[in-house]
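Peer 1: predicted coordinates and the sequence they were generated for:
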Amino acid sequence: MRIGIDLGGSHIAVAIVSKRNTIVAKKEKDIPNIQNIENIKEFIVDNIKVLIREVLKEVGAPSCVISKIGIAVPGKIKDKIIYDMYNLGIKELDLVQILEEYYNAKVNVRNDAKCAALAEKNIGSLQSYDDAVFLCLGTGIGGATFIDGKMLEYTKQNGSEYGHMIIVKDGAECKCGNKGCFEKYASMKTFKKGIIKLLKLDEDTSSEKILEILTNEVNNKNEEVNRYIDQYIENLLVGISNIANIIQPEAICIGGSFVYYEKILYTRLIQKINLGKYNCNMPTIVLAKLQNDAGMIGALM
C-alpha cells in the first residue's frame, strides 16, 4: 500500500494512492498559527501518524501493509533531510528517518511544488506540453520547470524558486530574508490575509468560508473588494510575465488553493492577459487538473 503525504505551510494531507495514481482515501488537518504551537516538529510528526492511522482505518488495513511513503514538503532537500521550511519555522527535519523507523517502509521526500508538477505533467494539465512551468500558489509560491518534457533537476539547490524572485524593490519582507518576493504579493496566504483584513473577518475564518463570503461580495459588486482583487491579479501577472519572458514555456500551470478560486481569480487573470498589458508572448495558462491532490500523487512518482 502506498501513502502520499502533502506537508504544506498551513495544512497536512495524507492519502492512500493506488498504483494507477488515484486517491483511495484521504484525510487532512489544518496547521494553526505556528506561534501557538509549542513544538512544531513534534506537532507535524504526531499528526502525520494520526492521519495515516485514519486513512488506514477507513479502508480496514493495518500499518504493516504500507510498502512506500512519499512526502511532498515546502523546503529544500539534501540527503533526504528537509531544510528551510520557512513558512513552518523549521530549519531542519529528518522526517524520512522518523517515518522509516516507525513504519518499516521505504520513504521518499521531494519539494512539494516539484511533486505536484510531476503529477500534472504525467496525468494532469501539462501532459501535452514539452516546455512548461508549474506554479503552486498556496502559503507561499513554489515552482518547477520542464524543458523538452523533462523536469529541471539541480544538484545542489531546489531551483525554480519563482516565489522568491523580487517583483517590488525594497518591498515587504519575506521569511526567506529578502524583500519584495513574488510570494509576498501573490501567494494565496497573502490574498486571504488581505481579504480577512478588508472585510474584518475573524483570523481563523476557513478558506471555504472566505470563498463563500468573497463570492457574495463580488456578485454584489463591492468596489473595495474588486479593487483589491484587481491589485492582486496585477501582482500575479507581473511574476507570470517575468517567468514567461525568461523561460518562454508553452504553458504555465497554476496549482495550490488558487484552483478553488477559478471564477474569482483565474477568470480575471485571463482577462488581464488578453489585454496584452505586458506585451510578452504569453503562454497558455491552465489550472491544475489534480487540484490539491497533485502533491500527494506526485510524491510517489
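Peer 2: Yep, it's here.

Peer 1: so who does A25 touch?
Peer 2: For A25, the set of contacting residues under the criterion of C-beta atoms under 8 Å, 6 or more residues apart in numbering consists of A15, I16, V55, E58, V59. C-beta here means a position set from N, CA and C on the backbone, and glycine is covered the same way.

Peer 1: which ones among those residues are found in helices?
Peer 2: Among the contacts of A25, the ones falling in helices (DSSP state H) are V55, E58, V59.

Peer 1: quick one, phi/psi of the nearest residue to the second one once chain neighbours are set aside?
Peer 2: Put plainly, it is E58. Distance criterion C-beta to C-beta, 6 or more residues apart in numbering; nearest residue to E58, sequence neighbours excluded, is A25 at 4.4 Å. Dihedral angles of A25 (phi, psi; degrees, to the nearest 10) stand at phi -150, psi 150.

Peer 1: ok, now how distant is A25 from L118?
Peer 2: A25 sits 22 Å away from L118 when distances are taken as C-beta to C-beta, to the nearest Å.

Peer 1: so A251 versus F191, what's the distance?
Peer 2: Between A251 and F191 the computed distance is 23 Å (C-beta to C-beta).

Peer 1: state the distance from D204 to G8.
Peer 2: 17 Å.

Peer 1: out of these two, which sits in the more crowded spot?
Peer 2: More neighbours sit around G8 than around the other of D204 and G8, counting by other C-beta atoms under 10 Å; the figures are 26 against 10.

Peer 1: for that one, give me the backbone phi and psi.
Peer 2: Dihedral angles (degrees, to the nearest 10) for G8: phi -100, psi -180.

Peer 1: which residues touch it?
Peer 2: So G8 contacts I31, P74, D112, G138, T139, G295 (C-beta under 8 Å, 6+ apart).

Peer 1: now do 10 Å
Peer 2: For G8, the contacting residues are 28, 30-31, 72-74, 85, 87-88, 112, 136, 138-140, 142, 256-257, 292, 295, by C-beta atoms under 10 Å, 6 or more residues apart in numbering.

Peer 1: next one: L214
Peer 2: Contacts for L214 were tallied using C-beta under 10 Å, 6+ apart; they are 191-192, 195, 198-199, 201, 222, 225, 228-229, 261, 264-265.

Peer 1: mind putting these into CSV with distance to E42, secondary structure and pLDDT?
Peer 2: What follows is the contacts of L214, written out as CSV (distance: C-beta to C-beta, whole Å; DSSP: H, G, I helix; E, B strand; the rest coil; pLDDT from 0 to 100):
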residue, distance to E42, secondary structure, pLDDT
F191, 30, helix, 97
K192, 27, helix, 95
I195, 32, helix, 96
L198, 35, helix, 96
L199, 35, coil, 95
L201, 30, coil, 95
N222, 42, coil, 93
V225, 39, helix, 95
Y228, 38, helix, 97
I229, 39, helix, 97
Y261, 33, helix, 95
I264, 37, helix, 95
L265, 36, helix, 96
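
Peer 1: of those residues, which is the most crowded?
Peer 2: Each of those was scored for neighbours by other C-beta under 10 Å, and F191 scores highest at 25 neighbours.

Peer 1: okay, now the residue lying closest to that residue once chain neighbours are set aside: neighbour count?
Peer 2: The shortest distance from F191 to any non-neighbouring residue, by C-beta to C-beta, 6+ apart, is to Y232 (5.4 Å). Other residues near Y232 number 21, with proximity taken as other C-beta under 10 Å.

Peer 1: do the same with I270
Peer 2: Residues within reach of I270, counting by other C-beta under 10 Å, total 12.

Peer 1: can you give me the strands in the stretch 1-150 of the chain?
Peer 2: Listed in chain order, the strands of the stretch 1-150 of the chain (DSSP state E, counting those that start in this stretch) span residues 2-7, 11-17, 23-30, 68-73, 76-78, 81-85, 90-93, 106-111, 132-137, 141-147, 150-151.

Peer 1: give me whichever of those strands is most buried.
Peer 2: Each of the strands of the stretch 1-150 of the chain was assessed for mean neighbour count using mean count of other C-beta atoms under 10 Å. The highest is strand 132-137, with a mean of 30.
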